[in-house]
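> structure, please.
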Amino acid sequence: MGHRMKSNEAYNFVFKVVLIGESGVGKSNLLSRFAKNEFNHDSRTTIGVEFSTRTVQLNGLTIKAQIWDTAGLERYRAITSAYYRGAVGALLVYDVTKHLTYESVERWLKELYDHADPHMVVMLVGNKSDLVSERSVPTEEAKDFAEKKGLLFLETSALESTNVEAAFNDVLSEIHRKVSSKKVIQGSISAVSLAGHVPSNPEENKPCCKNI
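Numbers count the residues shown, from 1 in each chain. This is a model prediction of the structure:
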């Protein structure tokens, strides 16, 4: 076993990832499974934004993931632009047993792109894949939709811990790939996460007058 992570350990990147989707699809349980390896069978809807952090090692880099949960606000259409600000990734979650939660995915995508960086990494997540007999959203249908929209896609079970690590890690890897590739333009997600560096002056990362 290696040394335990020190809480003050340096990290290369901080990536903010938001969880979105209808109420009751399991966003909070995906987060607690990833951040603390817990599943709460009687999870109540909590009000107010919550986030958890977890540090992961990917491709030899230390990445601190800051995962934000809507915590019940999605019921009230009260999610503000502050929730999305600075986010470089999103998990858009639906419940594979409730077709209505899948039908609302397009509305969530629109809201996301209205408020967040268009270059951000988005994964469509079909949660509760353990409920095989109750499934109402076919995997292929959701997969095709994700491909058309340029989204990553996975089905997960927060209950059985299936694909939860993979979902978050795939999103974090893809964010890192985008951030380190020169394809992402300046002023986009590359500016948000420069080696754990938070600009004291928010204007610092904004492109000025060059190349316009």
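> contacts and neighbour counts: CA atoms only from here.
OK.
> what's the burial count for Thr55?
For Thr55, the neighbour count with other C-alpha atoms under 10 Å is 17.
> and it, helix, strand or coil?
strand (DSSP: H, G, I helix; E, B strand; the rest coil).
> wouldn't it be in contact with Ile63 here?
Yes: between Thr55 and Ile63 there is a contact at 5.6 Å, judged by C-alpha atoms under 8 Å.
> residue ranges with poor pLDDT in the chain?
In the prediction, the chain carries residues with pLDDT under 70 at positions 1-9, 42-49, 76-78, 182-212.
> any idea which residue sits dead centre in this protein?
Closest residue to the average C-alpha location of the chain: Ala90 at 3.1 Å, with C-alpha atoms, centre = their mean.
> mind listing what it touches?
Residues in contact with Ala90 (C-alpha atoms under 8 Å, 6 or more residues apart in numbering) are Val17, Val18, Leu19, Ile20, Met120, Val121, Val122, Met123, Val171.
> switch to 6 Å and redo it
Applying C-alpha atoms under 6 Å, 6 or more residues apart in numbering to Ala90 gives the contacts Val17, Val18, Leu19, Val122.
> hang on, Gln66 is in a strand, isn't it?
Yes: per three-state DSSP, Gln66 lies within a strand segment.
> can you give me the neighbour number for it?
17.
> report the beta-bridge partners for it.
For Gln66, the beta-bridge partners are Lys16, Thr53 (DSSP bridges).
> does it touch Lys16 like I think?
Yes: contact criterion C-alpha atoms under 6 Å: Gln66 and Lys16 qualify, at 4.7 Å.
> can you count the residues close to Ala146?
So Ala146, with other C-alpha under 10 Å, has 18 neighbours.
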